[in-house]
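A.B. asks: Provided below are the primary sequence and the corresponding predicted coordinates.
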Amino acid sequence: MKEISLHILDLVENSIKANATKITIEVVESISDNIYSIRIKDDGCGMTQEFLANTDDPYTTTRQSRKIGLGIPLVKMNAEKAGGKFCIQSVLGGGTEVYFDFEHNHWDRPPLGDIAGVVVMLAVCNDDKQITYTHITDGGKYVFDTNEVRETLDGISLNNYSIITYLKDMINENLVAIHFVQ
């Protein structure tokens, strides 16, 4: 995958398939500390330790349609080739946490991509989930929480073109305000 946001989309889709109702996405980028890290945590069904030990194997998947799953192996490969690391922890019945990072200035670090589009799409398509996206930079912190958005909209559906466009613009404006780096 050529963008970090696509890795995030893939991993959050795994959380959704694991029946998570609360999913947190945290992006921390620090030029001063030369780090670009991503943490995704959910309250889904979790994994057995045996399954967890093999998640970086492309032939380990829960999918029935095909027997190959490349999401985790690709994010791990991208992180490691950009001077970073990958870690996954899970407890059966207790959720999963995925962490990966990159050297911020490494030439192999993919760009963030359309994170606003990914977050809004996840929010719109998963109205029964709480998705919290936090982005922290040397210049500040921004938090987008679907529960807060739904409360503010007071019954107006997120699945409305004007709302979708507004939310995406709002996220992008707040990211610019905290000086995020693509």
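C.D. replies: Thanks, I have the structure now.

A.B. asks: give me the below-cutoff pLDDT ranges for this structure.
C.D. replies: Where the chain drops to pLDDT under 70, the residues are 54-70.

A.B. asks: how about a cut-off of 80?
C.D. replies: For the chain, residues meeting the criterion pLDDT under 80 lie at 1, 51-71, 182.

A.B. asks: can you map out the strands along it?
C.D. replies: Secondary structure of the chain by DSSP state E: the strands cover 22-30, 35-42, 86-91, 95-103, 130-137, 140-145.

A.B. asks: buried set for the first one?
C.D. replies: Within strand 22-30, the residues scored as buried using 16 or more other CB atoms under 10 Å are 22, 23, 24, 25, 26, 27, 28, 29. Every C-beta, even on glycine, is put in place using the N, C-alpha and C of the backbone.

A.B. asks: one step back: adding distance to residue 116, write the strands of the chain out as TSV.
C.D. replies: Putting the strands of the chain into TSV (distance: least, CB to CB, whole Å) gives the following:
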stretch	distance to residue 116
strand 22-30	12
strand 35-42	15
strand 86-91	24
strand 95-103	20
strand 130-137	9
strand 140-145	9
